[in-house]
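Peer 1: Need coordinates for the following:
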Amino acid sequence: MLVKTFSSAVHGIEATSITVEVHISTGTKYYIVGLPDNAIKESWQRIESAIATIGFRMPRQKIVVNLAPADIRKEGSAYDLSMAIGILAASNQMSAHLLSDYLILGELSLDGDIQPIKGALPVAIQAEKDGFKGVILPELNAREAAAVQNLQVLPVNNLREIVAFFNEEEKIEPLKIDIENEFLHHINNYEVDFADVRGQENIKRALEIAAAGGHNVILIGPPGAGKTMLAKRLPTILPPLTLSESLETTKIHSVAGQLHTQAALMTTRPFRAPHHTISDVALVGGGSYPQPGEISLAHNGVLFLDELPEFKRSVLEVMRQPLESRNITISRARFSVDYPASFMLIAAMNPCPCGYYNHPEKECICGSAVVQRYLSKISGPLLDRIDLHVEVTPVEFNELAGKSSCEKSMSIRNRVMQARMVQEQRFDHVDHIHCNAQMNSKAVRELCQISEEGTLLLKRAMEKLGLSARAYDRILKVARTIADMDQCAAIENQHLAEAIHFRSLDRENWAG
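Peer 2: As a prediction, the model looks like this:
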């Protein structure tokens, strides 16, 4: 007898519906065809034990399972459940008339319990597109899949529950979530706040400018100056995620298996801070079956690289293309996978190996050549993609011990959102540009025009400070953002002056 059940394969952050065809005939062997990986080939032992444990029998006949379309590579253990149901239906141990209405996914334990899977959200989205009535999947993945509103999400814990459901002996209540209310309720659920930071008003100002224009930032300062503390609070002043951004971000974390089991959607912007020993594959993504890397997990959020010069050169260089294109393509011999990677980069570093170059109180023990060699670990092309270079100085005791209240993240965020609204109107009819940091050279020439007096100011600054040519466009972009924050249509001289201040590493002889 031939029975068809339905499952799903995830490639990148998109899913494809898979037909699981089970045919039982005369013979003794079991076969799985349709490009299965080792996890699927090993499923026979899990399926046989689970079926026996819940009181049914594994047919002692020839069983052929075909995963169609056969030219798509299938991987993982999520097909266990659909194959087990297909075997029980093909051997007339359960009813098969409802099978075509549901997508079935889950990994089986030997006792028939169902374990969680990766990628439940993209699977549910595709199931709705393909016209399925509902999706049956592990209870721990149900909230994630329930983000898709026009689809029945049936959470299950054991194979026996599903058999009873298809035999119409028991009902499984669909899980329903008011996704908009839940999204709005948790949208500001951050554990940190800029009000926690004492002093460092100039650094807060720089991060506000970065958030307003989507600019990348590098913080240079001695140990203990507060670089990491400030970086961790950057997501709290970025505009809240929109529902579409939240869905896209959740899909990536779902595919990577890093979504909390109680989460329906990611409601706050991600903050990823990989250690400097990370490999280039772990950063950009990859593997035999490509998985998203840290830059994709930081999509719509912040990627924080602490101790930037300590990262391997190859790791830093692979970021250059994603910083420009805002996506990463991982290619293999037979296929390629695209992952989005639109993130804000915030990097932190000491000014020298000992950390105390230019320190107001402590003496640096590094020679000028050592400092230059340390700074040269960051290549020019990478530095070219960072708009703001901010020098962080230690906080004085009086500021640390002061009892005056500091401005909360919410107040800063409101100003950032006003500046972003100006940019949204400006780039409303321009594809692939949503904020000032994404402007290309042509857009900079059109939208960042300055007066003759401003041109003279910029020329003098570049000559006097020894700024490199690559600083020119960066200064204009940052000045455009500062003007947007002041609700000014034109870039004025004070906007240019402040933008010039944020090009520390472009100055000649900055490190002696």
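
Peer 1: Low-confidence bits of this structure, can you list those?
Peer 2: Scanning the chain for pLDDT under 70 picks out 261, 397, 401-402, 469-470, 504-512.

Peer 1: and the residue nearest to residue 116 when sequence neighbours are not counted, backbone torsions?
Peer 2: Of all residues not flanking residue 116 in the chain, residue 140 sits nearest, at 4.1 Å (C-beta to C-beta, 6 or more residues apart in numbering). Just so you know, the C-beta spots here come from the backbone N, C-alpha and C atoms, and that holds for glycine as well. The phi/psi pair for residue 140 (degrees, to the nearest 10) reads phi -70, psi -20.

Peer 1: if I read this right, residue 140 contacts residue 118, doesn't it?
Peer 2: No. The criterion here is C-beta atoms under 8 Å, and residue 140 misses it with residue 118 at 11.5 Å.

Peer 1: Can you name the residues that contact the closest residue to residue 145 other than its chain neighbours?
Peer 2: Distances taken as C-beta to C-beta, 6+ apart place residue 124 nearest to residue 145, at 3.9 Å, with adjacent residues excluded. The contact partners of residue 124, taken as C-beta atoms under 8 Å, 6 or more residues apart in numbering, are 135, 144, 145, 146, 147, 148, 151, 153.

Peer 1: For these, which single residue is the most surrounded?
Peer 2: Within the contacts of residue 124, most neighbours by other C-beta atoms under 10 Å means residue 145, with 31 neighbours.

Peer 1: my read: that one touches residue 153, true?
Peer 2: Yes. Between residue 145 and residue 153 there is a contact at 4.7 Å, judged by C-beta under 8 Å.

Peer 1: Need the overlap of contacts for those two.
Peer 2: 124, 135, 137.

Peer 1: The residues you listed into JSON lines, with extra columns for distance to residue 32 and secondary structure?
Peer 2: As requested, the shared contacts of residue 145 and residue 153 are exported to JSON lines (distance: C-beta to C-beta, whole Å; DSSP: H, G, I helix; E, B strand; the rest coil):
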{"residue": "124", "distance to residue 32": "25", "secondary structure": "helix"}
{"residue": "135", "distance to residue 32": "22", "secondary structure": "strand"}
{"residue": "137", "distance to residue 32": "21", "secondary structure": "strand"}
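
Peer 1: Show me which of the residues you listed is closest to residue 244.
Peer 2: Among the shared contacts of residue 145 and residue 153, residue 124 lies closest to residue 244 (C-beta to C-beta), at 15.8 Å.

Peer 1: quick one: residue 346 is in a helix?
Peer 2: No. Under DSSP: H, G, I helix; E, B strand; the rest coil, residue 346 falls outside any helix and is assigned strand.

Peer 1: Now do residue 384 against residue 474, distance only.
Peer 2: 8 Å (C-beta to C-beta, to the nearest Å).

Peer 1: Of these two, which one has the most company?
Peer 2: Counted by other C-beta under 10 Å, residue 384 and residue 474 do not tie: residue 474 has more neighbours, with 26 against 16.

Peer 1: Contacts only, for that one.
Peer 2: Here residue 474 is in contact with 384, 387, 499, 503 (C-beta under 8 Å, 6+ apart).

Peer 1: since we're on the residue nearest to residue 116, how many residues are nearby?
Peer 2: By other C-beta under 10 Å, the residues close to residue 140 number 18.

Peer 1: what does residue 134 give?
Peer 2: So residue 134, with other C-beta under 10 Å, has 20 neighbours.

Peer 1: Quick check: the gap between the nearest residue in space to it that is not next to it in sequence and residue 167.
Peer 2: Excluding the flanking residues, the one nearest residue 134 by C-beta to C-beta, 6+ apart is residue 152, at 3.0 Å. To residue 167, residue 152 is 18 Å away according to C-beta to C-beta.

Peer 1: Thanks again, I'm all set now.
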